[in-house]
Each structure stands twice: as C-alpha cells, then as structure tokens.
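Asks: quick one, what's the 3D model for this:
(2 chains)
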Amino acid sequence: MKLLITLFSLLLLPLTSYAETLPPPQGKVLLTISGNIANSQKNGDARFDREQLAKLPSDTFILHTRWTNKAHTYDGPLLSAILDHVGSKGTTIRLTALNDYSIVIEKSYIDKYQPILAMLDDGKEMSIRDKGPLWLLLPQDKYPELKTEENTGNMIWQLSHIEIE
Amino acid sequence: MPPFTFDRMLSRFKSFWLIPIVLIFFVSALTSLSQLKRSIVILDERHGTSVWSLFQLKTELRRFHDSLTLYGLDNSKHDQIIERFDILWSRFPILLEGEDARQLKKIPHANTLVIEAFSKIKSIEHTVIQELKTTPHLHTQIQLELAPYLRAVDKLTLDNYHFNNDFYNRGDKRVSSLQKQLIWLMLGLIVSGALLLIMVIRESKINRYQAEHDSLTGMPNRSYLRKMLTSLCNKNSPFALHLIDLNGFKDINDTLGHLTGDQLLQAVSQRLLTNIDAPFGCMTCRMGGDEFAILHYKYIDADSLNRVSAQIITSLEEEFSIDGHSCFIGGSVGSVIYPDHGLDASHLLTHADIAMYKAKENSPSSTQKTFDFDMVASINRRNQLQKDLREALDNNKLQLAYQPIVTLTNHSVSYFEALLRWNHPQYGDLSPLEVIEVAEQYGLAQQLGSWVIDQACQQIYLWNQSGLPLVPIAINISPAMYRLDLAAMINNTLDKYGLPSGTLCIEVTEDTTMQNIQEAKIVLSKLVENQVSIALDDFGTGLSSLSHLQQMSVQTLKIDRSFIFDITTNPTSNALVNNIIGIGHDLGMKVVAEGIESQQAAEILKAYRCDLGQGYLFSKPLAPEDAFNFFKSRSSHF
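Replies: Numbers count the residues shown, from 1 in each chain, chains lettered A, B, ... in the order given. Purely as a prediction, here's the structure:
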C-alpha cells in the first residue's frame, strides 16, 4: 500500500511541479500552440481565446509600418509572455498564418526584441480583414535594424498557430 | 623697388586663383554629397514588395474561387468560405495604402483595377456571408462575377512583376551613371584639394622666407643668420663673422629723411653683395637698423679675414649717390672667428658685437677690430664701474682734489681747480676722464655733475667758515651737462651755501664745447648772465676756431700743457704761447698756463705777462686740508 502511494505520488510529481493543465478557452480560438511545451490542455495543445490572451503581460507599440499611411497604436500580449505561459522549452519557433504563410524565428530573437501579438489597432479589435486577429509586431521604432526586409517579413499577420520545436 | 612689386604680384596671383580653386573644391564636395545621397536613395528604394502583395491577392482570389468550387460539392463548411473571403478582403487595403499602393500607382490603371476588384468583393459580401449559407448554388454566380477580375489581376500581377524587374535595372543604370559623375566630381575634389595643398605649402614657404629675410633689402635677417651660425658650428670647420655698424647713417636719416635712409640701406646691401659676397663667397645679412653682418665661410687665416674686412670698409667709404645726394658713410666692423671666439651662435654674436663697439669708439673713422677676450674684460670693467659709480655717488665715496692756480707775479692763490678723484676698491685710483666717460655712457653725468657742483660749493663754504676768504673753485663740465639748466643748478647750489655769485667757475674743453656748439652757446651765455666765470680748458689742442673764442663769452683761456712743457727749448711753442697770451689779452681774457713744471718756464710766462699759472712747480692737486694749508702759506694776509 505504502509502495502504491509512493508510486502514485511519483506519477503526480512531474504533473504538479513541471506541467499544469491550462484552462480551456471559452470563446473562439484565436491561437493554437503545439510542440515542445509544458503547459497545455487535454490534447497536448494550448489554445487561447481573446479573453485569455488579453490577461497576459502586454505591450503597446506605436508604429508606422509600410502598409499604412500613418502611425497606428497597437496593443497585444508579449510573445515571450505567451511562450512562458505555455512553458515553452524549445529554441526554434514556427509561426503560421491563416493563409499558410509561415516564418521561423529563434527564441533568442524573441527574447531580444520582445515582439507582441497585436490584437488592438488604435484600440479596435482586429478582424481577419484587418490583418487580425493576431499580428506579430516588432518594435521597429526602438530598433532601427528591424526595418530591413528580412525583419519586416517576420511581422506575420493573421497568425493562428505556433509550433515550438 | 623690386621686392614690393614682387610681393604685390604674388598677392594678386594668390587672390586670383584662390577663389576659383576654393569654389571648385566646395562645389565638388557639395555635389558629391548630394550625388551620394541620391545613390543611397535609389539603392534604398524598396522595389518589388508590391509584386509580392499582388501575387498574394492573385493567390487568395484563386483560393476563394477554388473554395467556392469545393463548396459546390460539399456545402457543410461555410465557415471556411467566410475565412477565405476575409483573407481575400484583407489583401486589398495593403494594395491601396502605404508603400505597395505608392509602387502600384506607377503602373497605369493598376490602382483603378484594384479599387474595382475591391468594390466587387464588397458587393458580394452579403451573398457570400448570408445567401450562400442557405443557397449553395449561388457559388457559380459568384464565380462568374469574379472571373474577369481573376484574369485582370493575373495580368496586372505579371505586368507589375515585369515593371519592377525593369525598374531594378533602371535603378542600376541610374546608380552607375551617378557613379560616373561621381568620378569626375572626385577628380575635381582631388585636383582642387591638391592645388589648395600646393598653395598652402607655397604660402608657408613664403612665410618662412619672410620670417628669415629682411623686407627692405631682401637679405637674410638675424634669425636666418642665427640658424646658419648654428648649423656651421655643428659642422666644426672654421669660419668668420663680421658685424658692421654704419657710421654716419643716423645723420643722413635725420637730415635727408627716412626714405633716403632706406634707399641708402638698399644701396649698401647691394654694394656688399657685389663687393663682398660674390668675390669672397660670403653671405651678407641685415641685422636691423644700420647693422649688417657678413658670414665669411671661406675663412682661412687672419690674412683672409683682413682682406674681407678691408674690402668691407673700402666699399662703405666710397661715395653713395642717393636721389642726387652724395652720401659719405663708413663702417665699424667687429669680427669673430669660429671656434677661437665662441662655440655657438650666441657667443659669436655677442663677441662680434663687443668688437664692433670697440671699433665704433673710433667713429666717425671706419675701423675694424677682431674680437679678443681682453675686450670682455674692459666691458666687464665698464659694467662694474657703472654699478659702483651709482653706489659711490649715493654714498659720497668720490672725492675732489684741488689744484691751486696762482698769480704768476706773486705766487698767491687765485683760485682752485677741482679735480675728480675716485679710489675704486678694485681698480684703484681712476682717471677723471674714465669716470666721466662711464658717467656719460650710463646716464650718470647729470648726477655726477650736480654732485661736483654741490661738493665744490660746500668746500668754498667750509673754507670760508674756517677763516679763509671766499676762494673761487673751478669745476669741469662734461658734454652731457650742456643739456641741463646749468645756470639754475649753480645758482641754487650757491644759494644753498649762502655764497655770492662768481665764486664757482666753469671749465669747458674745446672738444666738448665744439661738439655741441649750439647748445653750448645758449648754456654758456646764460652762465655769463649769472656771473659764472668760464674758462676754456686745454686751449690749442682741440677743434676750435678762433671765431668761436669771440662768440663764446669766455673769461679765461687755459693754454694746454703741450705748449708749456717745451716752452724753454722749442721756439715754436714759445712763439705760440706768446701769441696766444696776446690774443687772450686782446679779447679781454685772463690767460692761465697749464702744466708749469720749471722755474724757467714760469719766468718766461711771467715775462710774456701770462696772468696765472698751474702745475707741479706750484702744487699738485691737494686734499681739502692740504689745499687749505697751501692757501694760508701763500697768503701774507693770514
């Protein structure tokens, strides 16, 4: 009996100390994270609705991207905060959009530049029609080197899926 | 005057070329900058992002079209249709705003097509989102409506691709043409920069030349000579240096003006160049003022030195004809030899200076002196004396000795001549001449003069207090004292001791008086007005003319000792003395014979009716107490 209890405890230990079950999304799923993550929902993925994402640490960028005529204010959770939230253990991150456009970036790149997944454009929720619902934005105003083609190409919109490798 | 014309030409040349060169430099630099900026802009232009966006639009149009076809087969997934529709929708604003829109506007009708296509999408929104859900077969109708836009966007996508491809090439061409221009501009920059550099180097060369050459004569100057001397001293081979001071230059400058003076200096330098530099391989420099220096490279021995210095003097003594004036000058030359007289430039120059001053003592006649170290000793002695003389005057360390001047008929004392005595602690008894020279040279003459006047008056007063009558004393006047109000000075001093006028007499020499005849006349006549008796000392040896005797209101004539000492043996002297006495008497003067040493001479002079006598026969110069006793012994009244 004692042995059984010990074994059972041992089984529980990794669950309680290294992984936790994330609450399931209540609303429409905006983002699905899969791969090498510690925290997930039942099927091993971590899915988020707008409300859940809005609770995470966020940032505001005021950017004039090449797709608009003037500067806009963008709000959204920090990608690093999302990755922390899901207990990401990988170093390479693949981000995929609704139209299957995808990019691969390193964890270090995210740590360095702290991009956000913008949900609000000038305070307005972004729909698919406005590059929403999630748009990865780099702080081009703070780091001029982010204005290159390569970095601009990393600003993936209509983001729907993140795969941690 | 050639140097000025040359300078002016040079400066005109400079201002003429400098402006265009600087202009080319700046225009090239500025144009290069703007060219560079333009190249950067061209290279920085983002081409082709619209190509990507149009391809995306084309793809999404196709995908939506395809999804409609699928929907026709299986109408359970209306959500997917909406998502595709939204994604398609999202492609339009990208092409209508921002960078891609700007690029697309360069293609005719592209913007219009995108706007029309977007309007079509907007117009079918309700059908897609609402009606299609319940009426799936509408998808064919939508596809039909979209069909022309599919084709049009396909075409535009390709056109845009080709346009941008060409655009890249055009950009390259523009950059390369800019770079070709840049080569010319760079050439302009380099050439004008090099020209500027050359001008700066030229300018600094000219500056260096000007710093080392005299502007009036164009000759090397003192600083250049110094440099040359230093480099020659380092080479260790012997050479000589002659320092020249022109004699009589100041007079020409004063009387004929500075312009003539300058022309004379130019003529002198020209003559030295021709007569000395060329034949003897020397270098003439102008040291400033009327001082020149000649660097004698090829010095071999004293003989070669003398040849050069003799030639210098000969050259300077020849007539100079300036502006129709004929000028005669000369030169005092001081020479030094390396390494005998100094091992560096400073010592050589100082010693040459000393030698030159020694030579100058013979001015106005031209002399050359080669430096020797005794000159330093004599300079040092002078220096020491002038320091000590100040101190001696302040501390009353000078004395006056009194030599009696007696009446030849009865040998009673008529008056005393005061003679300056200075027993120097180091050099012993100094001659009055040297003391006066030092005083004159170092500006102590007036102080010395007033000391002598005071001392003499005090002596008259003291003797009078001790029971003698008021015995007159004669004092000697140095040339510098003619510049003072001598009469006022004497009167003040006489008043100070309560003495009547006439008790102090003045002895002047012919030489000093004739040097400043104008000043002397004024001072002397003022003295006469104040009843100061004047004696003309050393008569017969100086530069006087007899007419001066008449003009100068002298009461006493003192015949120089050189006529007296051989009066007994030399008939000429005898005759001269006799006649001088006669002239003196005829002019109403008393006559004193100096330097009487024998009874025989005294007898002759008495016979010639000379009034007074002075000399060792009667007494040498005496200390005040001895003079007092001498007076008493010769005076029967006491």
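Asks: what about residue B:216, which helix or strand?
Replies: Under the criterion DSSP states H and E, no helix or strand holds residue B:216.
Asks: and the residue nearest to residue B:338 when sequence neighbours are not counted, what pLDDT?
Replies: Nearest residue to residue B:338, sequence neighbours excluded (Cβ to Cβ, 6 or more residues apart in numbering or on different chains): residue B:239, at 5.2 Å. For the C-beta atoms, the positions are set from N, CA and C on the backbone; glycine is no exception. On pLDDT, residue B:239 comes in at 91.
Asks: next one: residue A:108
Replies: pLDDT at residue A:108 comes out at 93.
Asks: you'd agree it is in a strand?
Replies: No: using DSSP: H, G, I helix; E, B strand; the rest coil, the assignment for residue A:108 is helix, not a strand.
Asks: who are the contact partners of it?
Replies: Contacts for residue A:108 were tallied using Cβ atoms under 8 Å, 6 or more residues apart in numbering or on different chains; they are residue A:91.
Asks: any idea which helix or strand of the chain has the worst average confidence?
Replies: The chain I'm using is chain A. helix A:2-17 (a mean of 47; mean pLDDT, DSSP states H and E).
Asks: to clarify, I was referring to chain B.
Replies: Using mean pLDDT, DSSP H and E, helix B:510-515 stands out as the lowest-scoring helix or strand of chain B, at a mean of 68.
Asks: what's the strand or helix carrying residue A:162 in contact with?
Replies: Assessed by DSSP H and E, residue A:162 sits inside strand A:159-164. The contact list for strand A:159-164 (Cβ under 8 Å, 6+ apart) reads A:30-37, A:82-83, A:86, A:88-90, A:92-98, A:117, A:134-136.
Asks: for the closest residue to chain A within the stretch 451-600 of chain B, the count of nearby residues, please.
Replies: Residue of the stretch 451-600 of chain B nearest chain A, by Cβ to the nearest Cβ: residue B:483 (87.0 Å). When neighbours are defined as other Cβ atoms under 10 Å in any protein chain shown, residue B:483 has 12 of them.
Asks: point out where the chain drops to low pLDDT.
Replies: I'll assume chain A. Within chain A, the ranges that satisfy pLDDT under 70 run A:1-19.
Asks: the intended chain is chain B.
Replies: Ranges of chain B meeting pLDDT under 70: B:1-15, B:40, B:42-48, B:166-173, B:512-517, B:542-545, B:547-548, B:636-638.
Asks: would you mind naming what in it lies close to chain A?
Replies: B:46, B:49, B:56, B:59-60, B:63, B:83, B:86-87, B:89-90, B:93-94, B:97-100 (Cβ under 8 Å from any Cβ of the partner chain).
Asks: okay, which residue is most central for chain B?
Replies: With distances taken as Cα atoms, centre = their mean, residue B:288 lies nearest the centre of chain B, 9.2 Å away.
Asks: mind listing what it touches?
Replies: Residue B:288 touches B:214, B:221-222, counting by Cβ under 8 Å, 6+ apart.
Asks: secondary structure added to these, as JSON lines?
Replies: Converted to JSON lines, the contacts of residue B:288 look like this (three-state DSSP):
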{"residue": "B:214", "secondary structure": "coil"}
{"residue": "B:221", "secondary structure": "coil"}
{"residue": "B:222", "secondary structure": "helix"}
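Asks: got the residues of chain A near chain B?
Replies: Selection of chain A residues close to chain B by Cβ under 8 Å from any Cβ yields A:65-69, A:98-99, A:127-131, A:149, A:157-158.
Asks: ChimeraX command to pick out the buried ones of these?
Replies: Listed next is the ChimeraX selection for buried residues among these, using 16 or more other Cβ atoms under 10 Å in any protein chain shown:
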select /A:65,66,67,98,99,128,129,130,131,157,158
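Asks: may I ask which two of the residues of chain A next to chain B are separated the most?
Replies: A:127 and A:149 (27.0 Å; Cβ to Cβ).
Asks: just the helices in the stretch 201-350 of chain B please.
Replies: Taking DSSP state H, counting those that start in this stretch as the test, the helices found in the stretch 201-350 of chain B are B:222-235, B:249-256, B:258-272, B:278-280, B:302-317, B:345-360.
Asks: could you pull up the contacting residues of the residue nearest to residue B:338?
Replies: Contacts of residue B:239 by Cβ under 8 Å, 6+ apart are B:232, B:295-299, B:337-338.
Asks: the same query, at a cut-off of 6 Å, please.
Replies: By Cβ atoms under 6 Å, 6 or more residues apart in numbering or on different chains, residue B:239 lies in contact with B:232, B:297, B:299, B:338.
Asks: counting neighbours, which of those comes out on top?
Replies: Among the contacts of residue B:239, residue B:338 has the most neighbours (other Cβ under 10 Å), with 23 neighbours.
Asks: from residue B:310, how far off is that one?
Replies: The spacing between residue B:338 and residue B:310, counted by Cβ to Cβ, to the nearest Å, is 20 Å.
Asks: about what we covered before: which residue packs closest to the residue of the stretch 451-600 of chain B closest to chain A, ignoring adjacent ones?
Replies: residue B:519 is the one closest to residue B:483 (Cβ to Cβ, 6+ apart), at 6.7 Å.
Asks: again, but for residue B:280
Replies: residue B:308 (5.3 Å).
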